[in-house]
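*Asks:* Return atomic coordinates for the entry below.
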Amino acid sequence: MTFSFTKLPIIETERLILRKATEQDSDDILELYANENVVEHMPLDPFTSIEDAKGEISWYEKIFLEQTGLRWVIEEKVNKKVIGTCGYLNYEVEHNRIEIGYDLSPESWGKGIMTETLKAVIHFAFSELNVNKIEAQITSENDASLVSKLGFHRDGVLREHEFEKGRYIDLVIYSLLKSEYTK
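*Replies:* Residues are numbered from 1 along each chain as shown. Reported below is the predicted structural model:
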């Protein structure tokens, strides 16, 4: 089974447009990932060049073409600025599951933007991709309150599962099943 679409669908919410990244987004992507607070719990070093941003955008295209994931930029409707990204990785068709990931500019934290975004992409996964399970892998030092608020259950810990930034880190696994999902 493959995606039933050939272009990344646009998702619109009250305040946001989730869309495909383009090269015109490079400055906003650089600003986002150059921020140490954004990449603190990610396997990335802060971006230092526009080439880093263009490489990130190319990776979004690659995972879509390989049909292993989807990544949208989060654009504010009012000022057309890209303030984050969200999407899916590790699409496992045979197991009907996918892994969610997201990031947001610190200037937009605490405004309900990521809650609004994730509600839309979770709905997309269950209705359009028809997955049975959405997983979130969150470093043990990171706050998982958002996924908990959205109904995800803590499944367990993968101890020292990844080597990032010179050390081994634990990943806490959360999941939401289609049977548990309520709009």
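*Asks:* what about the helices in this protein?
*Replies:* Under the criterion DSSP state H, the chain contains helices at 26-34, 36-39, 50-65, 113-127, 145-149.
*Asks:* Let me know which of those helices is tucked in deepest.
*Replies:* Sort those by mean neighbour count, taking mean count of other CB atoms under 10 Å, and helix 26-34 sits at the top with a mean of 20. (Each C-beta comes from the backbone N, C-alpha and C, glycine too.)
*Asks:* if we can go back for a sec, could the helices of the chain be laid out in a markdown table, adding mean pLDDT?
*Replies:* Putting those into a markdown table (pLDDT from 0 to 100) gives the following:
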| stretch | mean pLDDT |
| --- | --- |
| helix 26-34 | 97 |
| helix 36-39 | 92 |
| helix 50-65 | 97 |
| helix 113-127 | 97 |
| helix 145-149 | 91 |
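*Asks:* Mind putting those into a markdown table with distance to Lys80?
*Replies:* Converted to a markdown table, the helices of the chain look like this (distance: least, CB to CB, whole Å):
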| stretch | distance to Lys80 |
| --- | --- |
| helix 26-34 | 10 |
| helix 36-39 | 20 |
| helix 50-65 | 17 |
| helix 113-127 | 15 |
| helix 145-149 | 25 |
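*Asks:* Out of the ones you listed, flag the one nearest Asp103.
*Replies:* helix 36-39 (5.4 Å; CB to CB).
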